[in-house]
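Q: Have a look at this fold, sequence not included:
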């Protein structure tokens, strides 16, 4: 079902991804001001939003270049005019021909890897085609995912393999994903400093070995919003800050009313004895992400707001089927007034646990402009 | 990145949704034969596959009509020639105009509801437009979701409100979603009988009250594959059986090698000390569904197979980031031979927890035909 120019919050087809532009602009401005004050470049990660108008708003605020998580993002944003792109997932050898094709069209696409084996795959490609790559080495600063240790042999072995293979070594990068598990300002500051200092240490070791390392790239939304200084860092990557979500609220880096994207839905029924309100947005709309499961407040599949965006205290989407959401009081009590307060046909907004996952369930955003009018911004999915 | 006609399993862009046509056809045939033997019509739920060639294969095997979970599915399948469609999610009043539009184009679209309030919304629409609807009443047979109790006042109150509003009462329908929580043949048979007997009871009460109730529609894949008889039932709805998945395996209604859809991915790195293999399919490809979390075997985000589809015993996608999957041994031991056995560039297939959720992360299926060739079938997402 498509929206029409005459649509309002009460007639938009449901479920849909509703984007509050005032909150979006506020989030974009706050992050940019923070990194300006810390004296580092912001290279936003577009994996959350996958939306050209959002990236353009980030650029107008002062960001430079973008970070992507898929080659599809690189292709789409390059087609929209962005040339400076970091593909921040370890490069699969099967993707090198597509990376080369983009680079030959003029895209300054940098790839990432973390092993001599991957460096050798690039070298083999370079020997066969004559095409060399811009490469950053991923550093593991929190034991969370990929990357070489900042100390140890693998960092230098990888760098030497890249150098010997004819690649252009652009620097080191890291992502402290473990910051999502922090819940106090002190823990976040400590994680931000760990991310910074270990990545800078890796850069110093490369330089001491006579290898080039112009860039030191770090980042996640929690650490970017918590770092006290970023000495030695040249750029920060962050993405979810543009929308924020209940996980960022649980981590402590945003307020509930900073969350810019919600799922607009409609009440379809009740189970009065159980205190349930059923809506036409289930896990297909919210995603299966249960990111607040281990938090002080477990929001189930989302926090419930009225159509105007005001939180309805105590209510959460406690359960979800594919196209059914079940709203209940978080404290488990049965509120017998819910069917009268939220009758069939009522419109509600559900704030998501994880904006990256929820946004990916939709092909576009219905954008609520600051003047109250609605417009539509496309996003894309897939690889 | 798009596939080309020359692609093989070793060159297809990754991650992608790989569909094994031989397994698909086997699953479709097995369900159809079972329901033929039980003497009921199969109205497949297309919410899992959202793919016209799959629905056509189901129809060739003997299915009649389809079940949908969104109006987008109704619109897409009607455009592809299907006219007999049950929209099996309680109808939101905001969707009535779109339902009417489809019906006026010749789509025999039946809607579902479970309250006098929803029936009154239909009556108001009928008074305003003159258009009446075909309606089934949803019955709650397992306390799982929506629906009126088979006993009690609400069933008859809803039916009378529909009748008074001028709607055409097509019958009763139910879905025993609680069957997903069963893990023995005895529990599944009992749940199938509960679903059948309670829905038939609701139909009998309507008929005893002089109300029409030609159809009694039940179903889920586990109950459809477990029912010993279906007396009084006119049709069964099931969907995930076409693909099957690790949840269905855990419930006990399919073997691992019945699972027809997997995610093809490529190894991008290792964390040798931890026994991790990193691949280019994370939760964006697998979905965040953790449906086997409470099962005897928790597969994390998926079971790992080699490129030919043979299960690699003991390995699972234990963790996932957006575009990174982390494969580990399920028993938590570190296998030091993994980097040599599964080097960077190795292709693997990951079997999903929940086919409905994983398939929805993709815009098409790469179909491995029985002769070993590859083709592509489109699917759609969204609302």
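A: Nice, I can see it. Computed from a predicted structure; not experimentally measured.
Q: And the helix or strand hosting residue A:59, what does it pack against?
A: Following DSSP states H and E, one finds residue A:59 within helix A:52-61. If contacts are counted by 3 or more CB pairs under 8 Å, 6 or more residues apart in numbering or on different chains; DSSP states H and E, helix A:52-61 sits against helix A:21-38, helix A:71-79, strand A:374-378. Glycine gets a C-beta too; all of them are placed from N, C-alpha and C.
Q: Contacts made by the helix or strand following that helix with the rest, please.
A: Scanning forward in sequence from helix A:52-61 by DSSP H and E, the next helix or strand is strand A:66-68. Strand A:66-68 is contacted by residues A:43-47, A:55, A:74, A:77, A:82, A:84-88, A:237, A:239 when judged by CB atoms under 8 Å, 6 or more residues apart in numbering or on different chains.
Q: ditto for stretch A:147-157
A: Here stretch A:147-157 has contacts from A:114-116, A:137-141, A:158, A:174, A:198-199, A:201-202, A:205-206, A:209, A:211, using CB under 8 Å, 6+ apart.
Q: one more time with 10 Å, if that's ok
A: For stretch A:147-157, the surrounding residues in contact (CB atoms under 10 Å, 6 or more residues apart in numbering or on different chains) are A:90, A:112-116, A:119, A:137-141, A:143, A:158-159, A:172-175, A:197-206, A:208-209, A:211, B:269, B:271-273, B:278.
Q: Return the residues in contact with the residue nearest to residue A:229 when sequence neighbours are not counted.
A: Among residues not flanking residue A:229 along the chain, residue A:38 sits closest, at 6.7 Å (CB to CB, 6 or more residues apart in numbering or on different chains). By CB under 10 Å, 6+ apart, residue A:38 lies in contact with A:224, A:227-231, A:233, A:236.
Q: Filter the residues you listed down to the buried ones, PyMOL style.
A: Here is the PyMOL command that selects the buried residues among the contacts of residue A:38 (16 or more other CB atoms under 10 Å in any protein chain shown):
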select buried, chain A and resi 224+227+230+233+236
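Q: Centre of the chain to the helix holding residue A:59, how far?
A: Mean-position distance between helix A:52-61 and its chain equals 15 Å (CA atoms, centre = their mean, to the nearest Å).
Q: Do me a favour and average the pLDDT over it.
A: In this model, helix A:52-61 has a mean pLDDT of 98.
Q: Buried ones in it, by neighbour count?
A: In helix A:52-61, counting by 16+ other CB under 10 Å, buried: A:52-55, A:57-59, A:61.
Q: Taking helix A:21-38 as reference, get the angle to it.
A: 40 degrees (axes from the mean of the first three to the mean of the last three CA atoms, to 10 degrees).
Q: Comparing the helices and strands packed on helix A:52-61, which comes out most buried?
A: Highest mean neighbour count among the helices and strands packed on helix A:52-61 (mean count of other CB atoms under 10 Å in any protein chain shown): helix A:71-79, with a mean of 20.
Q: still on that earlier bit, will you turn the helices and strands packed on helix A:52-61 into a markdown table that also has mean pLDDT?
A: Shown next, in a markdown table, are the helices and strands packed on helix A:52-61 (pLDDT from 0 to 100):
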| stretch | mean pLDDT |
| --- | --- |
| helix A:21-38 | 98 |
| helix A:71-79 | 98 |
| strand A:374-378 | 97 |
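Q: all strands of the stretch 101-250 of chain A, in order?
A: Counting by DSSP state E, counting those that start in this stretch, the segments of the stretch 101-250 of chain A that form strands are A:108-113, A:134-138, A:168-173, A:215-218, A:235-236.
Q: For chain B, tell me whether the third one is touching it.
A: Read it as strand A:168-173. No. Strand A:168-173 lies apart from chain B when judged by CB under 10 Å from any CB of the partner chain; the minimum separation is 13.9 Å.
Q: rounded to a whole number, what's the mean pLDDT of the helix or strand hosting residue A:326?
A: Following DSSP H and E, one finds residue A:326 within strand A:325-329. For strand A:325-329, the mean per-residue pLDDT is 98.
Q: That one packs against which elements?
A: Judged by 3 or more CB pairs under 10 Å, 6 or more residues apart in numbering or on different chains; DSSP states H and E, the packing partners of strand A:325-329 are strand A:261-271, strand A:276-279, helix A:283-286, strand A:303-306, strand A:311-320, helix A:338-341, strand A:347-351.
Q: What mean pLDDT does the second one get?
A: Across strand A:276-279, pLDDT averages out at 98.
Q: again, but for the first one
A: Taken as a whole, strand A:261-271 carries a mean pLDDT of 98.
Q: likewise stretch A:154-169?
A: For stretch A:154-169, the per-residue pLDDT averages 98.
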